[in-house]
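Novice: Okay, predicted coordinates and the sequence, questions at the end:
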Amino acid sequence: FANYCMMAFLKASTALSEKGNDAVLLVNDSISGLGTNLRSLEEALHAFKEVNPKLESEISLVPFAQNEAKRLIFAPTGKLNTDFADNRNIADAACDGVKRAHTLGLKNVLLVLGPLSSLPKDRGSFASDENIQLAAILGACYGAYTPIEVREQVPSRAIKLDSLKVFNVDDKLVKIASAVEQGRIITRDIHGSDPERMAAPRIAQYVEEQLAQPHTDVIKVQIDPVDDKKHPLMAAVDRAASVIERHRGRVVRLSYQSADFDADKDESLYLVGKGITYDTGGADVKAGGVMAGMHRDKGGAAATTGFFKMLALLKPSHLKVVGLCAYVRNSIGENSYVADEIIISRAGKRVRVGNTDAEGRMAMTDLLCEAKEQALKEKNPRLFTLATLTGHVIRAYGFNYTAAMSNGLGRKLEIPQHLQEVGDNLAEPIEISTIRKEDVEFHSGKTEYEDILQCNDLPSSGTPRGHQSPAAFMMMASGLTEYGLDSKHPLAYTHLDIAGSSGIKNIIPHATPFLALFGKYVLPKVL
């Protein structure tokens, strides 16, 4: 199915009326001013407005007798020159239009992006035509996604659309969108699936099928069980699940390096992903009905894994990317780790456990240390942690928003600002937070027994600075604080908390922060 998107599903088209199309899907802010090329659509819309006066404010199915498709779906974006409009207006309209086509049983859709005449002249957060077109195409693809469980268990419902053609858009851009969507399909498959279908060993098998086997010439894949000597903090989280073979954790390492990568000039990215396949809370159990949905705690590792599918297909120049994914389950059992334990991290820091439900930072920290060790050999490394980490980030910013926060060099390089800009351009908004000295103080050891306190005994949502301080903990416990602006070899580090943006349990995962990283580090190299 992941390859289906590239080979048959998504295509560029120059024909507005073509046999085989079931519907034309128009995404625009108005039914007027469509121009000469789209005059037939405008005539059909104005005729139908006499029947449906609310045509410009809701998804509508319109008779379109003069076109081979016979049907026109109008998906309005609303006005785009308001204080609050952004590219999500376009992406959401395209998504809703595809969903309407699916509910009507239509299988072959031609996507048409109108002139969007209300776009502000300076474009602002909408940026280039390419970004607007990508937002529409990827929004439509999101609406066409079918979860892997449905594809496997109910084959008759596996495919929502047989084809999605895109009118009057450069074929190169459509192929870029197709590669991106294949990566996002992998991200959604891993992130959204239930705790058994995407338990760590089965994720490992899926990664082999989707990355290792078809892309051996481009992507290097290494999959290992969790090693308590190499990754002691992660091993503590994995401890209870490790005695059950089908739940036993895996470390997935991925790497891509372009043939023209110049180690003296080019950037190298290190993506460390949280992949908690299920989070019971551990010994500090999630009680009171809040455990449901905790199969969605692996979004950071899922996005990291999917990112490499896109890299394999697009092969961006002058770039090196390393992915380190912690796929482990935080189970309850006689072998569970517990609060008050003191565990020495890979970096040699004595960490006192405060709450076993703060397992995400534990799972990632040793891999961040491993990434740090590799990055010290590079000239221009950029380190990231990607995680559905805290409830606090939802309290701070609500759903649909990723929080980005950097250390000193990351702030100096304005990495959060750049990600925010490209995120806006591609309908994946980001808010910027700051790691402060209070966050370091919060995690400093409280007694001579420990160097670092992992967490307090409260949920992050009830803790002041509950989404910023975990980044400070990971910096401290990985030894990254020793490579700040005051060191001889400062390293740039950015933490991305996607707990709010990745998609709550009852919706299809959004695959954040895929598009922001793609827009910043890949898109300029492949356009």
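Specialist: Happy to help now that I have it.
Novice: longest helix of the protein?
Specialist: helix 171-192 (DSSP state H).
Novice: So what touches whichever helix or strand comes after it?
Specialist: Sequence order places helix 200-207 as the next helix or strand after helix 171-192, per DSSP states H and E. Helix 200-207 is contacted by residues 186, 189-190, 196, 198, 221, 223, 245-250, 252, 275, 277, 305, 327-329 when judged by CB atoms under 8 Å, 6 or more residues apart in numbering. (C-beta placed from N, C-alpha, C; glycine too.)
Novice: got the buried residues for helix 200-207?
Specialist: 200, 201, 202, 203, 204, 206, 207 (16 or more other CB atoms under 10 Å).
Novice: Ok, stretch 145-153 next?
Specialist: Buried-residue list, stretch 145-153, by 16+ other CB under 10 Å: 145, 146, 147, 148.
Novice: Going by distance to residue 293, which of those wins?
Specialist: Nearest to residue 293 among those, counting by CB to CB, is residue 147 at 14.9 Å.
Novice: okay but that closest one is in contact with residue 503, surely?
Specialist: No - using CB atoms under 8 Å, residue 147 is not in contact with residue 503, being 11.7 Å away.
Novice: thinking again about what came up before, in helices, which of the buried residues of stretch 145-153 appear?
Specialist: Using DSSP H, the buried residues of stretch 145-153 in helices are residue 148.
Novice: Can I have the buried ones of the contacts of helix 200-207 as a ChimeraX selection?
Specialist: Here is the ChimeraX command that picks out the buried ones among the contacts of helix 200-207, judged by 16+ other CB under 10 Å:
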select :186,189,190,198,221,223,247,248,249,250,252,275,277,305,327,328,329
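Novice: Show the subsequent helix or strand relative to the lowest-mean-pLDDT helix or strand in the chain.
Specialist: Sorting the helices and strands of the chain by mean pLDDT, DSSP states H and E puts helix 2-4 at the bottom, at a mean of 48. Using DSSP H and E, the helix or strand that follows helix 2-4 towards the C-terminus is strand 10-13.
Novice: For residue 276, identify the helix or strand it belongs to.
Specialist: Per DSSP H and E: residue 276 is located in strand 268-279.
Novice: what's the angle between the next helix or strand after that strand and helix 171-192?
Specialist: Next helix or strand after strand 268-279 toward the C-terminus (DSSP H and E): helix 299-314. Angle, helix 299-314 to helix 171-192, by axes from the mean of the first three to the mean of the last three CA atoms, to 10 degrees: 150 degrees.
Novice: Please name every helix or strand in contact with helix 299-314.
Specialist: helix 171-192, strand 219-225, strand 250-257, strand 268-279, strand 320-330, strand 381-387, helix 514-521 (3 or more CB pairs under 8 Å, 6 or more residues apart in numbering; DSSP states H and E).
Novice: got those as TSV, with mean pLDDT and distance to residue 114 columns?
Specialist: Compiled in TSV, the helices and strands packed on helix 299-314 are given as follows (pLDDT from 0 to 100; distance: least, CB to CB, whole Å):
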stretch	mean pLDDT	distance to residue 114
helix 171-192	96	17
strand 219-225	98	38
strand 250-257	98	37
strand 268-279	98	36
strand 320-330	98	36
strand 381-387	98	35
helix 514-521	98	22
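Novice: Can you lay out those as a markdown table showing distance to residue 161?
Specialist: Formatted as a markdown table, the helices and strands packed on helix 299-314 follow (distance: least, CB to CB, whole Å):
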| stretch | distance to residue 161 |
| --- | --- |
| helix 171-192 | 12 |
| strand 219-225 | 28 |
| strand 250-257 | 30 |
| strand 268-279 | 30 |
| strand 320-330 | 30 |
| strand 381-387 | 29 |
| helix 514-521 | 21 |
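Novice: right, and these - which one's nearest residue 431?
Specialist: helix 514-521 (11.7 Å).
Novice: what about the helix or strand just after that closest one, distance to the chain center?
Specialist: Using DSSP H and E, the next helix or strand after helix 514-521 towards the C-terminus is helix 523-526. Centre-to-centre, helix 523-526 and its host chain are 18 Å apart (CA atoms, centre = their mean, to the nearest Å).
Novice: in helix 523-526, what's buried?
Specialist: Of all the residues in helix 523-526, those buried under the rule 16+ other CB under 10 Å are 523, 526.
Novice: what's in contact with that helix?
Specialist: Under the criterion CB under 8 Å, 6+ apart, residues 176, 314, 316, 317, 318, 319, 422 lie in contact with helix 523-526.
Novice: and if we set it to 10 Å?
Specialist: Contact with helix 523-526 is made by 130-131, 134, 172-173, 175-176, 179-180, 258, 266, 310, 313-319, 422, 425-426, 515, 517-518, as judged by CB atoms under 10 Å, 6 or more residues apart in numbering.
Novice: before we move on, what about stretch 502-510?
Specialist: 95, 142-143, 145-147, 184, 187-193, 292-300, 302-303, 386-388, 394, 399-400, 402, 427-428, 498, 501, 511-514.
Novice: ok, now with 8 Å
Specialist: Counting by CB under 8 Å, 6+ apart, 142, 145, 147, 187-188, 191-192, 292-293, 295-296, 299, 302-303, 388, 399-400, 428, 501, 511-512 sit against stretch 502-510.
Novice: and the strand holding residue 276, C-alpha only, in CSV?
Specialist: Below are the C-alpha coordinates for strand 268-279, written out as CSV (Å, rounded to 0.1, in the frame of the first residue of the first chain):
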residue,chain,number,x,y,z
SER,A,268,23.9,16.3,9.5
LEU,A,269,20.7,15.6,11.3
TYR,A,270,20.3,13.2,14.3
LEU,A,271,16.6,12.4,15.0
VAL,A,272,15.9,10.5,18.3
GLY,A,273,12.4,9.3,18.4
LYS,A,274,10.2,8.2,21.4
GLY,A,275,8.5,4.9,20.4
ILE,A,276,6.5,3.8,23.5
THR,A,277,4.4,1.0,21.9
TYR,A,278,2.1,1.1,24.9
ASP,A,279,2.2,3.2,28.1
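Novice: Just want the angle from that strand to helix 200-207.
Specialist: Per the same axes, to 10 degrees, the angle that strand 268-279 makes with helix 200-207 is 140 degrees.
Novice: Please name every helix or strand in contact with strand 268-279.
Specialist: helix 200-207, helix 299-314, strand 320-330, helix 359-375, strand 381-387, helix 514-521.
Novice: Using CSV, lay out the ones you listed together with distance to residue 468.
Specialist: Output for the helices and strands packed on strand 268-279, formatted as CSV (distance: least, CB to CB, whole Å):
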stretch, distance to residue 468
helix 200-207, 29
helix 299-314, 17
strand 320-330, 21
helix 359-375, 12
strand 381-387, 13
helix 514-521, 19
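Novice: so how far is the host helix or strand of residue 45 off the chain centroid?
Specialist: Here residue 45 sits within helix 39-49, counting by DSSP H and E. Distance of helix 39-49 from the chain centroid (CA atoms, centre = their mean) equals 38 Å.
Novice: Stretch 30-46 now?
Specialist: A distance of 36 Å separates the centroid of the chain from that of stretch 30-46, by CA atoms, centre = their mean.
Novice: Buried residues, that stretch. List them.
Specialist: So for stretch 30-46, counting by 16+ other CB under 10 Å, buried means 30, 31, 34, 38, 40, 41, 42, 44, 45.
Novice: List the residues that contact the fourth one.
Specialist: Contact analysis of residue 38 by CB under 8 Å, 6+ apart lists 16, 26, 112, 114.
Novice: Once you drop chain neighbours, what's closest to the last one?
Specialist: The shortest distance from residue 114 to any residue that is not its chain neighbour, by CB to CB, 6 or more residues apart in numbering, is 2.7 Å, and that residue is residue 28.
Novice: Could you measure from that neighbour over to residue 332?
Specialist: The gap separating residue 28 from residue 332 is 52 Å, by CB to CB, to the nearest Å.
Novice: Same check on residue 370?
Specialist: 28 Å.
Novice: Between these two, which is the more surrounded one?
Specialist: residue 370 (21 against 16; other CB atoms under 10 Å).
Novice: Next one, pLDDT for that one please.
Specialist: If you check residue 370, the pLDDT there is 98.
Novice: This completes my enquiry, with thanks.
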